[in-house]
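1. from the sequence below, what's the structure:
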Amino acid sequence: MITSRALSASSLAPGGHLLNAAATPSHKRSDRMVALLALLNSEGQLPLSHLATELRASEATIRRDVAVLASQGLLERTHGGARPAQGTRELPERLRGSRNQEAKSRIAMAAAQMIPEGKHAIGLTGGTTAAGVLRALAHREDLTIITNSLSIGMEAAEQGQARVLIAGGVLRPNSLELVGSLAEATLRLVNVGTAIIGADGISSVGGLTTHDDIEARTNHAMIERAQRVIVVVDSSKVGHVTLSKMGDLREVNILITDEQAPSAEVARIRDAGVEVHLVPVSGQDDTE
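-> As a prediction, this is how the structure comes out:
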(Lines give C-alpha, C1' and ligand atoms only; values in the text may rest on other atoms or scores of the structure.)
Protein backbone atom coordinates (compact mmCIF):
# COMPACT_ATOMS: atom_id res chain seq x y z
CA MET A 1 0.00 0.00 0.00
CA ILE A 2 1.17 3.53 -0.70
CA THR A 3 2.75 5.04 2.37
CA SER A 4 2.43 8.59 3.61
CA ARG A 5 6.17 8.87 4.30
CA ALA A 6 7.78 11.83 2.57
CA LEU A 7 10.42 11.69 -0.13
CA SER A 8 13.74 12.67 1.38
CA ALA A 9 14.96 16.23 1.01
CA SER A 10 17.89 15.07 -1.11
CA SER A 11 15.53 13.87 -3.86
CA LEU A 12 13.20 16.87 -3.87
CA ALA A 13 13.44 20.26 -5.46
CA PRO A 14 12.18 23.23 -3.39
CA GLY A 15 8.80 23.04 -5.13
CA GLY A 16 8.40 19.35 -4.28
CA HIS A 17 9.45 17.89 -7.66
CA LEU A 18 11.78 14.93 -7.87
CA LEU A 19 15.32 15.70 -8.99
CA ASN A 20 17.21 13.91 -11.71
CA ALA A 21 20.78 12.75 -11.42
CA ALA A 22 22.08 16.18 -12.36
CA ALA A 23 20.05 17.72 -9.50
CA THR A 24 17.75 19.65 -11.82
CA PRO A 25 13.95 19.29 -11.55
CA SER A 26 12.39 16.73 -13.90
CA HIS A 27 8.65 17.34 -14.16
CA LYS A 28 8.25 14.42 -16.56
CA ARG A 29 9.92 11.98 -14.17
CA SER A 30 7.97 13.28 -11.20
CA ASP A 31 4.69 12.86 -13.09
CA ARG A 32 5.67 9.35 -14.21
CA MET A 33 6.45 8.33 -10.63
CA VAL A 34 3.08 9.59 -9.46
CA ALA A 35 1.39 7.60 -12.21
CA LEU A 36 3.43 4.53 -11.21
CA LEU A 37 2.29 4.82 -7.59
CA ALA A 38 -1.30 5.27 -8.73
CA LEU A 39 -1.12 2.08 -10.83
CA LEU A 40 0.17 0.08 -7.88
CA ASN A 41 -2.47 1.65 -5.67
CA SER A 42 -5.29 0.53 -7.94
CA GLU A 43 -3.95 -2.81 -9.22
CA GLY A 44 -1.56 -4.11 -6.56
CA GLN A 45 1.68 -5.93 -7.39
CA LEU A 46 2.74 -5.49 -11.02
CA PRO A 47 5.72 -6.62 -13.13
CA LEU A 48 8.13 -4.04 -14.54
CA SER A 49 7.08 -4.98 -18.08
CA HIS A 50 3.46 -4.04 -17.35
CA LEU A 51 4.47 -0.76 -15.71
CA ALA A 52 6.70 0.09 -18.66
CA THR A 53 3.88 -0.53 -21.13
CA GLU A 54 1.32 1.46 -19.17
CA LEU A 55 3.70 4.40 -18.59
CA ARG A 56 5.22 4.31 -22.09
CA ALA A 57 8.76 4.07 -20.81
CA SER A 58 11.55 1.50 -21.02
CA GLU A 59 11.90 -1.19 -18.37
CA ALA A 60 15.31 0.27 -17.47
CA THR A 61 13.68 3.65 -16.79
CA ILE A 62 10.92 2.09 -14.70
CA ARG A 63 13.50 0.03 -12.78
CA ARG A 64 15.32 3.24 -11.82
CA ASP A 65 12.05 4.91 -10.79
CA VAL A 66 11.10 1.91 -8.68
CA ALA A 67 14.50 1.98 -6.97
CA VAL A 68 14.09 5.65 -6.02
CA LEU A 69 10.53 5.19 -4.75
CA ALA A 70 11.49 2.06 -2.81
CA SER A 71 14.35 3.92 -1.12
CA GLN A 72 11.80 6.45 0.13
CA GLY A 73 9.42 3.76 1.41
CA LEU A 74 6.70 4.60 -1.13
CA LEU A 75 6.62 1.10 -2.63
CA GLU A 76 8.20 -2.33 -2.18
CA ARG A 77 10.36 -3.99 -4.81
CA THR A 78 9.60 -7.56 -5.82
CA HIS A 79 11.41 -9.96 -8.14
CA GLY A 80 10.91 -8.32 -11.52
CA GLY A 81 8.31 -5.84 -10.31
CA ALA A 82 6.89 -3.75 -7.48
CA ARG A 83 3.97 -3.65 -5.06
CA PRO A 84 2.37 -0.99 -2.85
CA ALA A 85 4.13 -0.28 0.42
CA GLN A 86 2.42 -1.32 3.63
CA GLY A 87 0.33 1.45 5.19
CA THR A 88 -2.30 3.82 3.85
CA ARG A 89 -3.37 3.60 0.21
CA GLU A 90 -3.68 7.36 0.04
CA LEU A 91 -1.31 9.42 -2.11
CA PRO A 92 0.32 12.24 -0.12
CA GLU A 93 -1.05 15.70 -0.89
CA ARG A 94 2.20 16.90 -2.49
CA LEU A 95 2.05 14.08 -5.06
CA ARG A 96 -1.55 14.54 -6.17
CA GLY A 97 -1.24 17.78 -8.10
CA SER A 98 0.60 16.15 -11.02
CA ARG A 99 -2.25 13.78 -11.81
CA ASN A 100 -4.87 14.61 -14.45
CA GLN A 101 -3.94 18.29 -14.44
CA GLU A 102 -5.91 19.29 -17.52
CA ALA A 103 -9.11 17.67 -16.28
CA LYS A 104 -8.76 19.17 -12.81
CA SER A 105 -8.16 22.64 -14.22
CA ARG A 106 -11.25 22.49 -16.44
CA ILE A 107 -13.37 21.04 -13.65
CA ALA A 108 -12.26 23.87 -11.35
CA MET A 109 -13.12 26.52 -13.95
CA ALA A 110 -16.57 25.01 -14.47
CA ALA A 111 -17.24 25.00 -10.73
CA ALA A 112 -16.08 28.60 -10.33
CA GLN A 113 -18.55 29.69 -12.99
CA MET A 114 -21.38 28.25 -10.90
CA ILE A 115 -20.70 30.53 -7.94
CA PRO A 116 -23.31 33.33 -7.97
CA GLU A 117 -22.36 36.99 -8.17
CA GLY A 118 -22.43 39.04 -5.00
CA LYS A 119 -21.58 38.14 -1.43
CA HIS A 120 -21.42 34.40 -0.98
CA ALA A 121 -19.97 31.93 1.53
CA ILE A 122 -18.05 29.06 -0.04
CA GLY A 123 -16.95 25.95 1.80
CA LEU A 124 -13.89 24.16 0.42
CA THR A 125 -12.56 20.79 1.52
CA GLY A 126 -8.95 19.90 0.86
CA GLY A 127 -7.66 18.50 -2.40
CA THR A 128 -6.03 19.74 -5.58
CA THR A 129 -9.27 20.19 -7.53
CA ALA A 130 -10.91 22.21 -4.75
CA ALA A 131 -7.74 24.33 -4.59
CA GLY A 132 -8.11 24.90 -8.32
CA VAL A 133 -11.62 26.26 -7.75
CA LEU A 134 -10.20 28.78 -5.29
CA ARG A 135 -7.61 29.91 -7.85
CA ALA A 136 -10.32 30.29 -10.49
CA LEU A 137 -12.13 32.64 -8.07
CA ALA A 138 -9.08 34.84 -7.42
CA HIS A 139 -10.78 37.80 -9.13
CA ARG A 140 -13.68 37.75 -6.66
CA GLU A 141 -13.49 40.13 -3.68
CA ASP A 142 -16.94 39.48 -2.23
CA LEU A 143 -16.52 35.90 -1.02
CA THR A 144 -16.22 34.33 2.40
CA ILE A 145 -13.93 31.28 2.25
CA ILE A 146 -14.64 28.54 4.79
CA THR A 147 -12.27 25.59 4.88
CA ASN A 148 -10.65 23.00 7.08
CA SER A 149 -7.63 22.80 4.76
CA LEU A 150 -4.44 24.55 5.80
CA SER A 151 -3.16 24.76 2.24
CA ILE A 152 -6.39 26.25 0.90
CA GLY A 153 -6.66 28.69 3.82
CA MET A 154 -3.11 29.91 3.26
CA GLU A 155 -3.63 30.22 -0.47
CA ALA A 156 -6.85 32.19 0.07
CA ALA A 157 -4.98 34.62 2.32
CA GLU A 158 -2.14 35.01 -0.19
CA GLN A 159 -4.75 35.52 -2.89
CA GLY A 160 -6.07 38.51 -0.97
CA GLN A 161 -9.45 37.10 0.05
CA ALA A 162 -10.73 39.41 2.79
CA ARG A 163 -12.75 36.84 4.77
CA VAL A 164 -11.16 33.44 5.41
CA LEU A 165 -12.36 31.08 8.13
CA ILE A 166 -10.20 28.03 8.89
CA ALA A 167 -11.82 25.42 11.11
CA GLY A 168 -9.36 24.21 13.76
CA GLY A 169 -8.70 20.59 14.56
CA VAL A 170 -6.14 17.79 14.32
CA LEU A 171 -3.86 17.97 11.28
CA ARG A 172 -3.82 15.08 8.82
CA PRO A 173 -0.33 15.16 7.23
CA ASN A 174 -1.40 13.43 4.01
CA SER A 175 -4.21 15.84 3.14
CA LEU A 176 -3.17 18.90 5.21
CA GLU A 177 -6.75 19.06 6.49
CA LEU A 178 -7.79 19.85 10.05
CA VAL A 179 -10.23 17.23 11.26
CA GLY A 180 -12.01 15.97 14.35
CA SER A 181 -14.59 17.20 16.84
CA LEU A 182 -13.22 20.76 17.06
CA ALA A 183 -13.35 21.23 13.29
CA GLU A 184 -16.84 19.72 13.14
CA ALA A 185 -18.08 22.01 15.94
CA THR A 186 -16.75 25.06 14.08
CA LEU A 187 -18.36 24.05 10.81
CA ARG A 188 -21.73 23.54 12.51
CA LEU A 189 -21.70 27.22 13.54
CA VAL A 190 -21.55 28.59 10.00
CA ASN A 191 -23.90 28.76 7.05
CA VAL A 192 -22.37 27.74 3.73
CA GLY A 193 -23.91 28.93 0.48
CA THR A 194 -22.01 26.51 -1.76
CA ALA A 195 -19.78 23.66 -0.60
CA ILE A 196 -17.06 22.57 -3.03
CA ILE A 197 -16.26 19.00 -2.07
CA GLY A 198 -13.33 16.90 -3.23
CA ALA A 199 -13.46 13.13 -2.74
CA ASP A 200 -11.40 10.02 -3.34
CA GLY A 201 -14.40 8.25 -4.79
CA ILE A 202 -17.98 8.79 -5.90
CA SER A 203 -20.30 6.02 -7.00
CA SER A 204 -23.92 5.02 -7.19
CA VAL A 205 -23.23 2.26 -4.66
CA GLY A 206 -20.87 3.90 -2.17
CA GLY A 207 -21.84 7.56 -2.42
CA LEU A 208 -19.03 9.99 -1.56
CA THR A 209 -16.00 8.31 -0.02
CA THR A 210 -12.52 9.17 1.23
CA HIS A 211 -9.61 7.32 2.84
CA ASP A 212 -9.96 8.47 6.44
CA ASP A 213 -12.98 8.05 8.72
CA ILE A 214 -12.34 11.20 10.78
CA GLU A 215 -11.82 13.29 7.65
CA ALA A 216 -15.05 11.87 6.23
CA ARG A 217 -17.03 12.96 9.31
CA THR A 218 -15.49 16.44 9.26
CA ASN A 219 -16.25 16.96 5.59
CA HIS A 220 -19.78 15.68 6.11
CA ALA A 221 -20.28 18.44 8.70
CA MET A 222 -19.57 20.94 5.91
CA ILE A 223 -21.98 19.17 3.57
CA GLU A 224 -24.72 19.35 6.20
CA ARG A 225 -24.30 23.13 6.54
CA ALA A 226 -24.40 23.86 2.80
CA GLN A 227 -27.38 25.07 0.81
CA ARG A 228 -25.81 23.57 -2.31
CA VAL A 229 -23.15 20.87 -2.66
CA ILE A 230 -20.90 20.65 -5.73
CA VAL A 231 -18.56 17.66 -5.93
CA VAL A 232 -15.43 18.18 -8.03
CA VAL A 233 -13.50 15.04 -9.00
CA ASP A 234 -11.66 13.85 -12.10
CA SER A 235 -12.89 10.76 -13.93
CA SER A 236 -10.48 8.40 -12.11
CA LYS A 237 -12.62 8.86 -8.97
CA VAL A 238 -15.98 8.11 -10.62
CA GLY A 239 -17.19 4.60 -9.81
CA HIS A 240 -14.45 4.27 -7.20
CA VAL A 241 -15.19 3.41 -3.56
CA THR A 242 -12.69 3.98 -0.74
CA LEU A 243 -12.73 3.17 2.96
CA SER A 244 -14.88 5.85 4.61
CA LYS A 245 -18.24 7.24 3.56
CA MET A 246 -18.45 11.03 3.48
CA GLY A 247 -22.04 11.38 2.30
CA ASP A 248 -24.91 9.97 0.28
CA LEU A 249 -25.63 10.93 -3.31
CA ARG A 250 -28.92 12.45 -2.14
CA GLU A 251 -26.84 15.11 -0.38
CA VAL A 252 -25.07 16.08 -3.63
CA ASN A 253 -26.62 18.62 -5.97
CA ILE A 254 -24.01 18.76 -8.73
CA LEU A 255 -21.11 16.57 -9.83
CA ILE A 256 -18.48 18.08 -12.11
CA THR A 257 -16.06 15.62 -13.67
CA ASP A 258 -14.44 15.07 -17.07
CA GLU A 259 -15.81 13.31 -20.12
CA GLN A 260 -13.60 10.25 -19.59
CA ALA A 261 -15.75 9.17 -16.65
CA PRO A 262 -17.38 5.75 -17.22
CA SER A 263 -20.69 6.46 -18.95
CA ALA A 264 -22.63 3.69 -17.23
CA GLU A 265 -21.65 4.98 -13.79
CA VAL A 266 -22.42 8.57 -14.80
CA ALA A 267 -25.89 7.42 -15.87
CA ARG A 268 -26.47 5.70 -12.52
CA ILE A 269 -25.37 8.82 -10.62
CA ARG A 270 -27.75 10.92 -12.71
CA ASP A 271 -30.54 8.44 -12.00
CA ALA A 272 -29.88 9.04 -8.30
CA GLY A 273 -30.86 12.68 -8.81
CA VAL A 274 -27.44 14.31 -9.19
CA GLU A 275 -26.92 16.94 -11.90
CA VAL A 276 -23.76 15.83 -13.73
CA HIS A 277 -21.55 18.13 -15.81
CA LEU A 278 -18.81 16.62 -18.00
CA VAL A 279 -15.94 18.87 -19.06
CA PRO A 280 -13.96 18.07 -22.23
CA VAL A 281 -10.33 16.95 -22.09
CA SER A 282 -7.76 16.41 -24.80
CA GLY A 283 -7.53 12.68 -24.15
CA GLN A 284 -3.82 12.79 -23.39
CA ASP A 285 -2.62 11.29 -20.12
CA ASP A 286 -0.86 14.14 -18.41
CA THR A 287 0.69 11.89 -15.79
CA GLU A 288 3.18 10.47 -18.27
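2. how close does the closest residue to residue 179 other than its chain neighbours sit to residue 277?
-> Excluding its sequence neighbours, the residue lying closest to residue 179 (Cβ to Cβ, 6 or more residues apart in numbering) is residue 218, at 4.2 Å. (C-beta placed from N, C-alpha, C; glycine too.) According to Cβ to Cβ, to the nearest Å, residue 218 and residue 277 sit 26 Å apart.
3. go on, residue 115?
-> Using Cβ to Cβ, residue 115 is found at 14 Å from residue 277.
4. what of residue 207?
-> Per Cβ to Cβ, residue 207 is found 19 Å from residue 277.
5. could you report the pLDDT at the residue nearest to residue 179?
-> As summarised for this prediction, residue 218 has a pLDDT of 95.
6. do you know the pLDDT at residue 254?
-> For residue 254, the predicted pLDDT is 98.
7. got the phi and psi for it?
-> Per-residue torsions, residue 254: phi -140, psi 140 (degrees, to the nearest 10).
8. from memory it sits against residue 226, does it?
-> No. Under the criterion of Cβ atoms under 8 Å, residue 254 makes no contact with residue 226, lying 11.4 Å away.
9. quick one, which of those two is more surrounded?
-> The residue with more neighbours, out of residue 254 and residue 226, is residue 226; 23 against 18, by other Cβ atoms under 10 Å.
10. and the more buried one, what is it in contact with?
-> 123, 192-195 (Cβ atoms under 8 Å, 6 or more residues apart in numbering).
11. in strands, which of the residues you listed appear?
-> Among the contacts of residue 226, the members found in strands (DSSP state E) are 123, 192-195.
12. now residue 70. Nearest residue, chain neighbours left out?
-> Leaving out its chain neighbours, the residue that sits closest to residue 70 by Cβ to Cβ, 6+ apart is residue 77, at 4.8 Å.
13. hang on, the earlier thing: switch the ones in strands among the contacts of residue 226 over to TSV; also include distance to residue 154 and pLDDT.
-> Below are the ones in strands among the contacts of residue 226 laid out as TSV (distance: Cβ to Cβ, whole Å; pLDDT from 0 to 100):
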residue	distance to residue 154	pLDDT
123	17	97
192	20	97
193	22	98
194	21	98
195	20	98
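14. if we can go back for a sec, out of residue 207 and residue 277, which sits in the busier spot?
-> Each of residue 207 and residue 277 has its neighbours counted (other Cβ under 10 Å); residue 207 has more, 20 against 15.
15. continuing past the longest helix anywhere in the chain, what's the next helix or strand?
-> Secondary structure of the chain per DSSP state H: the longest helix is helix 27-43. For helix 27-43, the succeeding helix or strand toward the C-terminus, using DSSP states H and E, is strand 46-47.
16. direction included, what does that following strand pair up with?
-> Sheet pairing here is set by DSSP bridges, and for strand 46-47 it gives strand 81-84 (antiparallel).
17. and stretch 206-221, what's buried?
-> The neighbour-count check on stretch 206-221 (16 or more other Cβ atoms under 10 Å) flags 206-212, 214-221 as buried.
18. swap that for stretch 166-182, sorry
-> Residues of stretch 166-182 classed as buried: 166-167, 169, 172, 174-180 (neighbour count, 16+ other Cβ under 10 Å).
19. circling back: mind checking the SS state of the residue nearest to residue 70?
-> Following DSSP: H, G, I helix; E, B strand; the rest coil, residue 77 is assigned to strand.
20. who's in contact with it?
-> Contacts for residue 77 (Cβ under 8 Å, 6+ apart) come out as 66-67, 70.
21. what stretches of the protein score poorly on pLDDT?
-> 1-27, 42, 87-99, 283-288 (pLDDT under 70).
22. domain parsing of the protein, as residue ranges.
-> Following automatic domain parsing, one finds the domains of the chain at 9-92, 100-279.
23. start and end of the longest one, how far apart?
-> So the one you mean is domain 100-279. Taking Cα to Cα, to the nearest Å, domain 100-279 runs 13 Å from one end to the other.
24. quick one: residue 34 and residue 222, what's the gap?
-> In terms of Cβ to Cβ, residue 34 sits 27 Å off from residue 222.
25. next one: residue 106
-> 24 Å.
26. now residue 37
-> 28 Å.
27. please apply the same query to residue 200.
-> 16 Å.
28. more neighbours: which of the two?
-> Shown here are residue 200 and residue 222; by other Cβ under 10 Å, residue 222 has more neighbours (28 against 25).
29. in a helix, that one, correct?
-> Yes. Under three-state DSSP, residue 222 falls within a helix.
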